[in-house]
Structure formats: C-alpha cells, structure tokens
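Undergrad: With the sequence up front, the predicted model follows.
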Amino acid sequence: MKRVGRTAAIGLWVAGLWAAMPLAPALAQSAAGSAPGVGAPTGGAPAAGPAEAPAPGVPPAGSAAAPLPDLSSDVIADRVQAFYDGAKTFQAQFSQRYTIFAYNKKKESQGRVAFVKPGKMSWRYTSNGNRVVSDGKLLKVYDADSKQVYEQDMSKSAYPAALSFLLGEGKLKASFTLKKLSAETAAFKGGYVLVATPREPTPAYQKMMLYVDGKTFQVRRVLMIDAQKNKNVFDFSEPRVNEAVPPSEFQFSAPAGTRVVKP
C-alpha cells in the first residue's frame, strides 16, 4: 500500500456508505475552504466542529426547520438498520476525500456506487478510472494509475465490514459501540451523527462516523479514521433504493498487463 491512490481506493470504508463506511477527529474547515466534491450546506459556512466532528456537513434531504426528536444512539441505529434491511439495492453518486495525516496530503475523487444484497458492491471512480468490485465472495480493488488489482476474499477484508449493513450483512449495534454527537455542533442540521467504535479491534480503522438523514435515516456521509489518523470521507447524493442493477455491474476483468496482488 505504498501508493496514495491505491491506499485511497482500498481504504473505502467504508464502504458504505458504504459506503457506508467507514467510519474521529475531523477536518474543521469552512465551506469556502472545503475541498471540491465534498458537499457543503447552503446558506453560508458551517461552524467548525469539535475534534471528533468533521465540517462541512452535508445537508440531509428534506431538512426541516422544526427540531428533530431527541433520539438515543440505539434508536437511531435501529432505524438506520431498518432502512437498509428493507433495501434490496442501493445506488448513489459519491465524493471521496482521503487525507494522509502525516503529510497533510489529500486525494479527492468522485464516482457512483451500487450495492445489491447479499454482499455485492461496485464503486466506479469516474475521476480516475479506479474500480472496487465485489461479487459477494471476492473483493477486487483496481488502481488504474499503477495498473494493479488487489484481490482478497470478501470475508477476510476489514473495510467492507465497516459498512456491512449496507450489503445486507452484519448489524450496527452488534458490531459497534455507538455514541451520539450533537448534530448542531457537527454542522449537520436536520440529521443525526453517530460515532461507531468497532467492538473487535481492526487495523483498517479505529472509528467510523455516520451522518444520518433525520427523516429517512439514510446515511449521507461516512468518515473513517485509522490508527495513523488518516481520514477517509464519503459523501453520498442522489440515492436510489430498490432499483434493478444489472449483474454485470459486479463483474470486473482488469486490463491486459495488470499486476494481480493478493495478501
């Protein structure tokens, strides 16, 4: 994982969401100084959040002026779980920002993502030609720049586990210890913010933050942070639920000359 591009691609999760995914100290920036491709709320710059809360926030769809019910972290998690349990497919546009803490180096990319239960996902990076594909059994991460494809058994990959609820696998409350943050302080009005800490330690990430739409309980942003304080942020927009996805979306053959890397 020496290349930044490849690290960013493999460092999905998170999903989720997946993005889910995965799941934290933040990038406290104003909307004017935010990176392009990462959604900022309309109507001015958000306030800088606490150390755990990234700014800018993404305005959830249907954001209302009336305050949301003061739900517990468990209730929020149950409703997020119920939404994704009821979704056989999920598709969206995404923007990703990966930051290497030690060098303060950022990589930004965009694309579209599709999930189909059980366990299938496809990330198409329209900005750089990268691909992340799982047919439910094998995870393939293709880095177009280095002409390498990383392959791993899906069950042994820690990153998809971060947003496994998007894939119809795993349960939020069973996999994570959850804590609710102030959505106002986190610059995410109209929604809820959860910090999810894995119950079983993983080298892939230490924490995941979920930014949840207050009306639909869809996850609109996922932030992950690892032990080196590297951050991976995914913002999801234009979500589509339970629309057909062709099986070919989850098949990928690397171009001729691509080096295959396995753990």
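TA: Ah, there it is.
Undergrad: Helices of this protein, residue ranges please.
TA: Secondary structure of the chain (DSSP state H): helices at 4-10, 73-85, 158-162, 172-175.
Undergrad: Pick out the shakiest of those helices, pLDDT-wise.
TA: For the helices of the chain, the bottom mean pLDDT is recorded on helix 4-10, which sits at a mean of 36.
Undergrad: got the CA positions of stretch 248-263 in PDB?
TA: Listed next in PDB are the C-alpha coordinates belonging to stretch 248-263 (Å, rounded to 0.1, in the frame of the first residue of the first chain):
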ATOM      1  CA  SER A 248     -22.600  -7.300 -15.000                       C
ATOM      2  CA  GLU A 249     -22.000  -4.400 -12.600                       C
ATOM      3  CA  PHE A 250     -20.400  -6.800 -10.200                       C
ATOM      4  CA  GLN A 251     -18.000  -8.400 -12.700                       C
ATOM      5  CA  PHE A 252     -14.600  -6.900 -13.400                       C
ATOM      6  CA  SER A 253     -11.700  -8.100 -15.500                       C
ATOM      7  CA  ALA A 254      -8.600  -6.000 -15.300                       C
ATOM      8  CA  PRO A 255      -6.900  -4.800 -18.500                       C
ATOM      9  CA  ALA A 256      -4.200  -6.900 -20.000                       C
ATOM     10  CA  GLY A 257      -0.800  -6.300 -18.300                       C
ATOM     11  CA  THR A 258      -2.400  -5.500 -14.900                       C
ATOM     12  CA  ARG A 259      -0.400  -6.900 -11.900                       C
ATOM     13  CA  VAL A 260      -2.500  -9.000  -9.500                       C
ATOM     14  CA  VAL A 261      -1.700  -8.500  -5.800                       C
ATOM     15  CA  LYS A 262      -3.000 -10.900  -3.200                       C
ATOM     16  CA  PRO A 263      -2.500 -10.800   0.600                       C
END
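Undergrad: Okay, buried residues for that stretch please.
TA: Glu249, Phe250, Phe252, Ala254 (16 or more other Cβ atoms under 10 Å). In this view, the C-beta of every residue, glycine as well, is placed from N, C-alpha and C.
Undergrad: what about it, distance to the chain center?
TA: Put simply, stretch 248-263 sits 22 Å off its chain's centre (Cα atoms, centre = their mean, to the nearest Å).
Undergrad: And stretch 140-152, by the same measure?
TA: The answer for stretch 140-152 is 19 Å, by Cα atoms, centre = their mean.
Undergrad: Taking the buried residues of stretch 248-263 together, which two end up most distant?
TA: Farthest apart among those by Cβ to Cβ are Glu249 and Ala254. That separation is 16.0 Å.
Undergrad: Any regions of this structure where pLDDT drops low?
TA: 1-65, 158-163, 167-168 (pLDDT under 70).
Undergrad: Tell me which stretches of it form strands.
TA: 89-100, 105-116, 120-125, 131-135, 138-143, 148-153, 176-181, 191-198, 207-213, 219-225, 231-241, 259-261 (DSSP state E).
Undergrad: Buried deepest among the ones you listed, which one?
TA: Highest mean neighbour count of the strands of the chain: strand 219-225, a mean of 29 (counted as mean count of other Cβ atoms under 10 Å).
Undergrad: by contact count, what packs against that one?
TA: strand 207-213, strand 231-241 (3 or more Cβ pairs under 8 Å, 6 or more residues apart in numbering; DSSP states H and E).
Undergrad: closest one to Asp85 among those strands?
TA: Ranking the helices and strands packed on strand 219-225 by proximity to Asp85 (Cβ to Cβ) places strand 231-241 first, at 11.9 Å.
Undergrad: Adjacent strands (with direction) for that closest one?
TA: strand 89-100 (antiparallel), strand 219-225 (antiparallel) (DSSP bridges).
Undergrad: Thanks a lot, catch you later.
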